[in-house]
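Enquirer: Here is a sequence with its predicted model. Questions after.
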Amino acid sequence: MSLSFEGRVVLVTGAGGGLGREYALAFAERGASVVVNDLGADTKGGGKSSAAADKVVEEIRAKGGKAVANYDSVEYGEKLIQTALDAFGRIDIVVNNAGILRDRSFARTSDLDWDLIHRVHLRGSFLVTRAAWNHMKKQKFGRIIMTTSAAGIYGNFGQANYSAAKLGMLGLANTLVVEGRNYNIHCNTIAPIAGSRLTETVMPPDLVASLKPEYVAPLVLWLCHDQCQENGGLFEVGAGWIGKLRWERSQGHIVRQKNQPMNPEAVRDQWDKICDFTDATKPTSTQESMLSFVSVLSQVESEGGVEANPTAAAASTSGINPAEAVGQKLPPTSFSFNHTQCILYALGVGMSTKDPDHLRFLYEGHPDFSCLPTFGVILSQAVLMDGGLLSVPGINIDPTQVLHGEHYLEIFKPLPTSGPLTSEATIADILDKGSGAVILFDVNTYQDKELLCYNQFSVFVVGAGGFGGKRTSEKAKAALPAPQRAPDAVVIDSTTRDQAALYRLSGDWNPLHIDPSIAAIGGFKAPILHGLCSFGFAARHVLKQFADNDPSRFKAVKVRFVKPVTPGQSLQTEMWKEGNRIHIQCKVKETDAVVLSGAYVDLHPAPDASPQTLTQGGGLQSELVFAEIGRRISDTGAELVKKVSAVFGWEITKDGKSAGQWTIDLKNGSGSLHSGPYSGKADVTFTVSDEDFMAVVRGTLDPQKAFFSGKLKVRGNIMLSQKLEVILKDYAKL
Ligand code: NAI
């Protein structure tokens with residue numbers, strides 16, 4: 001499918017000639033409405049004319065495209081965006097392309113040379129983009145292009161002013177990427193090379209002619225299309241070739257010792273190591289960069305005055321030996337708890353007495369007092385909290401680099417509300433993901449010798465990859481994508497400002513969730529909610545929505561932690577039912593950011609009749625009748641219970657063999673229908689073939705005759721069969 005821009009409104013600055021003109025023509029050709037901006041200045045920023053922009057607009061219109069001109073300087077950003085809004089009602093794409101040159105050797109660069117270049121390139125891009133920003137944010141779509149230059153990336157004689165302004169645009173882009181991410185605003189930067197009036201003075205004429213602007217435009221179009229998920233990229237492009245650039249950082253070297261002043265001699269002596277790009281890393285965010293400094297602080301502290309050496313630094317990033325570590329068991333840990341911990345956990349994951357059906361998890365005196373199934377993670381996490389992972393031979397990692405990436409929990413028996421329970425942990429596998437290592441950590445939790453639950457922690461260790469290990473494991477419990485349709489149920493629930501402060505009392509004491517200064521070091525504006533807290537919210541939403549808050553129906557849950565939640569934000573759990581598997585995706589409602597993905601909860605089938613369990617025996621005609629009886633009972637059961645007050649058991653046979661069992665309870669509560677074996681006692685039980693049952697229902701076989709001819713067998717209180725008529729005549733009509 002070709003890439004269309006139908007419905008999109010694009011502003012190209014400096015589109016009166018060169019590259020900008022080419023972009024404007026290409027966008028218009030593919031259906032976009034284009035604002036052709038150009039001041040009509042000379043290459044040094046002097047003069048002004050509307051002719052350049054008008055000419056391009058005419059070209060577009062002549063081909064049947066949609067375009068309007070704008071003649072303002074990019075220094076009046078608002079006016080450019082206003083032209084788009086006035087003409088087309090919106091702004092989707094901004095290509096910051098306008099540019100001039102004032103080349104001078106550095107010493108001869110005047111204030112004016114410096115300022116003019118900055119005003120057009122850097123300040124102009126800032127002003128135009130800022131004017132578009134809130135429109136893009138509101139409509140949750142925006143694509144921005146910054147135009148940098150090889151002169152900025154690598155430096156070029158006589159272009160100090162231009163290089164500085166051009167690389168400033170890359171810095172601007174880097175932060176727009178971070179701020180726009182949650183709003184589907186993408187910003188990418190290109191460093192083009194093309195023949196134009198800007199380059200005709202520095203390039204030989206045949207090169208100017210062959211490096212055509214049309215070899216650059218396709219990249220700009222792709223980066224601006226809805227389908228393109230690239231964000232924060234930097235590309236060199238020209239002559240039909242496109243390449244991507246990124247930052248690289250050497251492993252570096254620690255030149256400071258604990259309790260010693262740091263001195264320039266140590267820097268000199270370790271210079272080769274500081275600059276050695278062997279095994280270089282490729283940080284992609286300030287957080288990633290920051291983490292290594294936090295790690296250095298803890299490394300220097302733990303050196304205990306011993307001189308820091310390169311192997312210590314290297315070990316912190318690549319100290320994993322799967323052959324030694326996989327299969328290692330950690331010392332078993334015991335966890336004692338009572339109802340207090342169960343209740344504290346339920347409050348920690350947002351349960352509240354304002355929902356009456358939450359009381360069974362919040363009040364130890366409740367007749368059905370239970371432990372939430374996801375409390376299973378609390379039982380097992382003590383193994384990790386005690387620093388167990390760091391004691392495993394073959395795993396030499398920095399604890400500050402460890403992130404909880406995914407989690408799986410399976411429950412084999414409803415969890416008790418007190419006990420000492422024992423957990424045993426094994427390193428199930430270690431994967432090499434390049435930028436980091438994934439350690440799969442299996443924890444089994446037992447009550448005496450009985451296995452209660454199984455947890456799989458999938459932890460990501462930043463910077464610990466590259467040890468030549470495998471990338472996948474059959475031991476990993478995989479995350480699964482949600483179906484591609486609207487969710488079957490959505491629950492929105494708010495977390496409180498103190499959600500993390502409350503949740504941590506269940507045993508995850510990481511200060512990242514409470515201490516603003518630690519959160520700042522991690523690159524967060526404020527302490528963040530525990531991923532396992534959002535996990536608890538999402539799982540209980542499913543339990544309520546699809547299992548009537550019955551913990552015995554809960555089988556397993558899997559999640560992938562994608563993004564943090566700030567306490568006080570609202571969680572939106574989207575659910576898709578596929579048989580007994582409920583796929584989930586959890587978002588922060590305020591920002592629409594996905595926080596849990598690839599997630600699902602597996603439920604045990606409901607013990608009573610439900611649409612899935614009605615198909616026992618397979619192909620019995622009587623099933624439809626019972627389904628109908630079930631529906632009628634749920635509508636008018638209370639009335640029937642008053643009239644009938646009995647429990648009827650049914651054994652349906654097919655070809656002489658038992659093929660289905662049903663129990664119609666018209667004695668308890670407001671009545672119910674059960675499919676399959678029944679745990680309670682029926683007052684009367686009928687055995688009849690599927691065909692004869694249908695004949696009775698259709699009125700072609702008299703029940704009494706059926707009884708006397710042996711077609712209908714009755715056990716128990718035979719007098720109650722008189723009441724059968726009420727059910728079969730009035731409630732079994734199909
Ligand atoms: P060009 O000179 O053909 O096009 C630039 C356009 O911007 C001109 O039409 C000019 O009138 C307009 N303009 C200048 N000041 C303006 C202002 N204040 N407001 C609105 N419009 C203004 O140059 P070319 O080569 O097409 O350059 C496009 C962009 O690509 C520039 O930002 C340039 O720095 C950059 N670039 C180009 C390279 C190349 O090889 N052509 C190399 C590296 C970067």
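Expert: Nice, thanks for sending it over. What you see is a predicted model, and the numbers here were worked out from it, not measured in a lab.

Enquirer: For burial, what's the neighbour tally of the residue in the stretch 201-350 of the chain positioned nearest to the ligand?
Expert: Relative to the ligand, the nearest point of the stretch 201-350 of the chain is Pro213 (6.6 Å; CB to the nearest ligand atom). Heads up, the C-betas are built off the backbone N, CA and C, glycines and all. By other CB atoms under 10 Å, 20 other residues sit near Pro213.

Enquirer: Next one: Gly419 from the ligand, what distance?
Expert: 69 Å (CB to the nearest ligand atom, to the nearest Å).

Enquirer: For the residue nearest to that residue when sequence neighbours are not counted, name its beta-bridge partners.
Expert: The spatial neighbour of Gly419 that comes closest, neighbours along the chain excluded (CB to CB, 6 or more residues apart in numbering), is Gln447 at 6.0 Å. Note on Gln447: beta-bridge partners by DSSP bridges are Glu450.

Enquirer: these two touch, right, Gln447 and Thr417?
Expert: No: judged on CB atoms under 8 Å, Gln447 makes no contact with Thr417 at a distance of 11.8 Å.

Enquirer: Beyond the lowest-mean-pLDDT helix or strand in the chain, next helix or strand please.
Expert: One helix or strand of the chain scores below all others by mean pLDDT, DSSP states H and E: helix 310-318, with a mean of 37. Per DSSP states H and E, the first helix or strand lying C-terminal to helix 310-318 is strand 319-320.

Enquirer: That next one packs against which elements?
Expert: Packing partners of strand 319-320 (3 or more CB pairs under 8 Å, 6 or more residues apart in numbering; DSSP states H and E): strand 395-396.

Enquirer: Provide the strand pairings for the strand it packs on, with the direction of each partner.
Expert: Counting by DSSP bridges, the strands paired with strand 395-396 are strand 319-320 (antiparallel).

Enquirer: Contact residues of this protein facing the ligand?
Expert: For the chain, the contact set with the ligand under CB under 6 Å from any ligand atom comprises 13-14, 16-20, 37-41, 43, 45, 52, 73-74, 97-100, 120, 124, 147, 149, 192-194, 196-199.

Enquirer: give me that answer again for 5 Å
Expert: Neighbours of the ligand within the chain, by CB under 5 Å from any ligand atom: 14, 16-19, 38-39, 41, 73-74, 97-100, 120, 147, 149, 193-194, 196-199.

Enquirer: Can you flag which of the residues you listed belong to strands?
Expert: Those of the residues of the chain next to the ligand mapping onto strands are Thr147, per DSSP state E.

Enquirer: pLDDT (mean, whole number) over the strand or helix carrying Leu170?
Expert: Using DSSP H and E, Leu170 sits in helix 160-180. Average pLDDT, helix 160-180: 97.

Enquirer: in that helix, what counts as buried?
Expert: For helix 160-180, burial by neighbour count (16 or more other CB atoms under 10 Å) applies to 160-170, 172-174, 176-177, 180.

Enquirer: what separates the helix or strand harbouring Lys643 from the chain centre, distance-wise?
Expert: Here Lys643, judged by DSSP H and E, is contained in helix 622-644. Relative to the chain's own centre, helix 622-644 is displaced by 44 Å; criterion: CA atoms, centre = their mean, to the nearest Å.

Enquirer: Was I right to think Gly660 contacts Leu624?
Expert: No: checked against CB under 8 Å, the pair Gly660 and Leu624 is beyond contact range at 11.7 Å.

Enquirer: Which one's more surrounded, those two?
Expert: Applying other CB under 10 Å to Gly660 and Leu624 shows that Gly660 carries more neighbours, namely 22 against 14.

Enquirer: And the contacts of the host helix or strand of that one?
Expert: Using DSSP H and E, Gly660 sits within strand 657-666. With contacts defined as CB atoms under 8 Å, 6 or more residues apart in numbering, strand 657-666 is touched by 609, 616-618, 620, 622-623, 626, 629, 633, 637, 640-641, 643-654, 671-678, 680, 682, 690, 727.

Enquirer: can you pull out the strands in the stretch 201-350 of the chain?
Expert: Counting by DSSP state E, counting those that start in this stretch, residue ranges of the strands within the stretch 201-350 of the chain are 234-238, 241-245, 319-320, 333-337.

Enquirer: weakest of those strands in terms of mean pLDDT?
Expert: strand 319-320 (a mean of 80).

Enquirer: which ones are touching the residue of the stretch 201-350 of the chain closest to the ligand?
Expert: Gly18, Leu19, Arg21, Glu22, Ala194, Gly195, Ser196.

Enquirer: One more pass at 10 Å, please.
Expert: By CB atoms under 10 Å, 6 or more residues apart in numbering, Pro213 lies in contact with 17-23, 25-26, 192, 194-196, 238.

Enquirer: In a markdown table, list those along with distance to Gly319 and neighbour count.
Expert: Converted to a markdown table, the contacts of Pro213 look like this (distance: CB to CB, whole Å; neighbours: other CB atoms under 10 Å):
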| residue | distance to Gly319 | neighbour count |
| --- | --- | --- |
| Gly17 | 57 | 19 |
| Gly18 | 53 | 24 |
| Leu19 | 49 | 26 |
| Gly20 | 52 | 29 |
| Arg21 | 56 | 25 |
| Glu22 | 52 | 24 |
| Tyr23 | 49 | 29 |
| Leu25 | 56 | 23 |
| Ala26 | 51 | 21 |
| Pro192 | 44 | 24 |
| Ala194 | 48 | 22 |
| Gly195 | 53 | 22 |
| Ser196 | 53 | 21 |
| Gly238 | 43 | 20 |
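
Enquirer: for those, which one is nearest the ligand?
Expert: Closest approach to the ligand among the contacts of Pro213 (CB to the nearest ligand atom): Gly18, at 2.2 Å.

Enquirer: Tell me the pLDDT of the closest one.
Expert: Per-residue pLDDT puts Gly18 at 96.

Enquirer: OK, contacts around it?
Expert: Gly18 neighbours (CB under 10 Å, 6+ apart): 38, 43, 52, 97, 99, 192, 194-200, 213, 216.

Enquirer: same question, Leu176
Expert: 125-126, 129-130, 133, 142, 144, 146, 185-189, 231-232.

Enquirer: Tell me how many other residues surround whichever residue of the stretch 451-600 of the chain sits closest to the ligand.
Expert: As assessed by CB to the nearest ligand atom, the ligand sits closest to Gly523 within the stretch 451-600 of the chain, at 32.0 Å. Gly523: 14 surrounding residues under other CB under 10 Å.

Enquirer: Tell me the confidence at Leu720?
Expert: We have a pLDDT of 78 for Leu720.

Enquirer: How is it assigned, secondary-structure-wise?
Expert: Recorded secondary structure, Leu720: helix (DSSP: H, G, I helix; E, B strand; the rest coil).

Enquirer: so who does it touch?
Expert: Residues in contact with Leu720 (CB under 10 Å, 6+ apart) are Val644, Ser645, Ala646, Val647, Phe648, Ala682, Asp683, Val684, Val714.

Enquirer: Direction included, what does the helix or strand hosting the fifth one pair against?
Expert: It refers to Phe648. Taking DSSP H and E as the criterion, Phe648 maps to strand 646-654. Using DSSP bridges, the strands paired with strand 646-654 are strand 657-666 (antiparallel), strand 684-689 (parallel).

Enquirer: Excluding residues flanking it in the chain, which one is nearest the residue of the stretch 201-350 of the chain closest to the ligand?
Expert: With CB to CB, 6+ apart as the criterion, Pro213 has its nearest non-adjacent residue at 3.8 Å, and that residue is Glu22.
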